[in-house]
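Undergrad: after the sequence you'll find the predicted model.
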Amino acid sequence: MSLKRSKGPSGTLVVLEHVSRILKGNPLGDPHVRKVGVWLPPQYDGSGGKRFPVLYDLVGFTGSGLAHTNWKPFSDNVPERAARLIHEKKMGPCVIVFPDCFTALGGNQYVNSSAIGNYADYLTREIIPFVDGQFRTLASRERRGCFGKSSGGYGSIIHGMKYTKYWGAVADHSGDAYFDFVYWHDWPNTLNELAKYRVPKRRAGVYDALREARRKGLAQGKDDGRIKRFLSSVWKRDKLSGKEVMCIMNLCMAATYDPDPRAPLGFRIPFNAETGELIGERWRKWRQHDPINLVARYRKNLKLLRGVYIDCGWRDQYHIQYGSRILSRRLAEAGVRHRYEEFDDDHSDIDYRMDVSLPFLYRALR
């Protein structure tokens, strides 16, 4: 069902409604009926039966696919950027898909999780065949790629590793990697936010550290109620502080990397919420999802890709440049051909890097 169709010299944006069986009944109660944006290049109309390569845009945390089709000040949105690159003959025409994978925890890492939902399956088993059935795409992995930044970059490289049967090339802009640097440093701030929802509330005076450290479940990374109260609070409000956004992001990552149906809320966190002590067993669960630790395991899959592009700003405020360098080194050691670039910028507002990655992907998929 087409909800919206807007035409212009920059191509055609079609917004479809998709009813997902995979997302129905997901743990967070998020909608299973989602909008899917599909941009058709100017060459699509009037091209007869010609079919086109297709790229999937995996957006970052707090984003949703259609946000990349919105008007932008001082810059191009993704359809405008692609149309310009095609006009400048830096790449050929392709279809671009903008899936919606937003969740009540603020985003998604595009993997399957019993605590969030099976979003890898949603993309590969539902959205890909749905789009291929609606549009004249070249419906084979050799002509299909994905790209993204931050969480979307993580999703792209992980899909290139684990779901190679669906993708021919991937582009990873500043994607989460080397979790010991990327996530660890912000957990004290997250624990401070959660402490506001501790019951009973903190009082000045004697603190029984032994008793508090032994609060029920905390040593196993389980919630003693403070996480639930925090989420209940932020879900009722229209505006979150910057610290609250980072807190919910870390909780989203916990639900992604360490889901446990037996735990309160369906996941565990890697630190004792009261003492801040690392829980080694829980952190090992996180590290099993770190791209730098997956290269050797998925070496054969990675070698099947026709193109792997990675880049990162060397001033990234989340320190992702270090993980990107390790990832590139390990890819090289594994004999996986790829292109890695760095640039003088941080993590924010780097969509202009698509001027490099989109032509790269098109060349790899043509």
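TA: Nice, thanks for sending it over. Numbering: from 1, shown residues only.
Undergrad: how about the strands of the stretch 151-300 of the chain, start to end?
TA: Using DSSP state E, counting those that start in this stretch, the strands of the stretch 151-300 of the chain run over 169-173.
Undergrad: low-confidence ranges in it?
TA: Judged against pLDDT under 70, the stretch 151-300 of the chain has no low-scoring part.
Undergrad: repeat that with 90
TA: Filtered on pLDDT under 90, the stretch 151-300 of the chain yields the residue ranges 185, 202, 211-216.
Undergrad: hey, where'd the helices end up in it?
TA: Assigned by DSSP state H, counting those that start in this stretch, the helices in the stretch 151-300 of the chain fall at 151-162, 179-182, 187-195, 209-213, 226-234, 242-257, 280-287, 299-304.
Undergrad: and the ones you listed, which is most packed in?
TA: helix 151-162 (a mean of 27; mean count of other C-beta atoms under 10 Å). For the C-beta atoms, the positions are set from N, CA and C on the backbone; glycine is no exception.
Undergrad: any chance of the helices of the stretch 151-300 of the chain in TSV, with distance to His18 too?
TA: As requested, the helices of the stretch 151-300 of the chain are exported to TSV (distance: least, C-beta to C-beta, whole Å):
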stretch	distance to His18
helix 151-162	18
helix 179-182	32
helix 187-195	34
helix 209-213	47
helix 226-234	27
helix 242-257	22
helix 280-287	31
helix 299-304	27
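Undergrad: so which of those helices is nearest Ile326?
TA: Checking the helices of the stretch 151-300 of the chain against Ile326 by C-beta to C-beta gives helix 179-182 as the closest, at 9.4 Å.
Undergrad: with only the CA atoms kept, save that closest one in PDB.
TA: What follows is helix 179-182, C-alpha atoms only, in PDB (Å, rounded to 0.1, in the frame of the first residue of the first chain):
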ATOM      1  CA  PHE A 179      33.600  -2.000  23.000                       C
ATOM      2  CA  ASP A 180      36.200  -1.600  25.800                       C
ATOM      3  CA  PHE A 181      36.700   2.000  24.500                       C
ATOM      4  CA  VAL A 182      33.400   2.900  23.000                       C
END
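Undergrad: quick check: Tyr154 touching Ser174?
TA: No. Using C-beta atoms under 8 Å, Tyr154 is not in contact with Ser174; the gap is 9.2 Å.
Undergrad: would you say Pro359 is within a helix?
TA: Yes. In this structure, Pro359 lies within a helix as judged by DSSP: H, G, I helix; E, B strand; the rest coil.
Undergrad: pull up the gap between it and Val308, please.
TA: Going from Pro359 to Val308 by C-beta to C-beta, to the nearest Å gives 15 Å.
Undergrad: now swap in Thr103 and tell me
TA: 27 Å.
Undergrad: re the thing from before, more neighbours, Pro359 and Val308?
TA: Each of Pro359 and Val308 has its neighbours counted (other C-beta atoms under 10 Å); Val308 has more, 25 against 19.
Undergrad: so what touches stretch 20-32?
TA: Under the criterion C-beta atoms under 8 Å, 6 or more residues apart in numbering, residues 19, 33-34, 102-105, 114-119, 121-122, 125-126, 266 lie in contact with stretch 20-32.
Undergrad: list the buried residues in it.
TA: 20, 22-23, 26-28, 30, 32 (16 or more other C-beta atoms under 10 Å).
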